[in-house]
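> Build me a model:
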Amino acid sequence: MTEPLTTAGEGFHPHLHDAPGRPAAPLHTRLHHIRADALDGDTAQTGGMRRFAAVSGKTVGSEKLWMGQTHVAPSTSSSDHHHGDSETAIHVVSGHPEFVFVDDSGDEPQEVRLRTSPGDYVFVPPFVPHREENPDPAEEAVVVIARSTQEAVVVNLPGLYALPRDAGSEG
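Alright, predicted model coming up:
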């Protein structure tokens, strides 16, 4: 038997006795269904990519979590940025995005590229400057992002700034 799809905002709460005329349950006493076509594009952005919020303080009243999607067009690179004190977990849905950062733990800072595939995960610690690149000339890269803050904290930067401008990259 196939159950009908839920409507956004609906939920079943056996411990809450819904009664006619009773106001809707507060945001923190119900589940929220965010449909793929209802993602919110009115969120912090970085050049070269587009973010869409699914779970945030604005969309569902989240207090400690932000989750959404990022799309990077073919042959496009995002601006350099970090996410403040937010931890970020990334799941690659489609495409082969590359995540670029500077590893300055050795004698000389080195640019590092994480080349990913669908199904891969990437963890970005707080305040780590990075950028996303989509080298594919035909396919958009799409990732799902979860953050430990309830909004999409984005601090755009003029560069990865641990490398001098004339430094090469390591692949």
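> Does residue 135 touch residue 76 like I think?
No. Assessed by Cβ atoms under 8 Å, residue 135 is found out of contact with residue 76, at 9.1 Å. Yep, even glycine has a C-beta here, placed from its N, CA and C like the rest.
> Tell me which stretches of the chain form strands.
Assigned strands in the chain, in chain order: 50-55, 66-72, 76-77, 81-82, 88-94, 98-103, 110-115, 121-124, 130-134, 141-147, 155-156 (criterion: DSSP state E).
> between residue 135 and residue 76, who's got more neighbours?
residue 76 (18 against 15; other Cβ atoms under 10 Å).
> The more buried one bridge partners, please.
Residue 76 has these beta-bridge partners by DSSP bridges: residue 134.
> Ok, residue 102 next?
In beta-bridge terms (that is, DSSP bridges), residue 102 pairs with residue 111.
> Can you give me the neighbour number for it?
With neighbours defined by other Cβ under 10 Å, the count for residue 102 comes to 20.
> how much space between it and residue 157?
Look at residue 102 and residue 157: by Cβ to Cβ, to the nearest Å, they are 11 Å apart.
> Over to residue 46?
Residue 46 sits 10 Å away from residue 157, taking Cβ to Cβ as the criterion.
> Mutual contacts of these two, please.
Common contacts of residue 46 and residue 157 (Cβ atoms under 8 Å, 6 or more residues apart in numbering): 79, 81.
> I appreciate the help and will end here.
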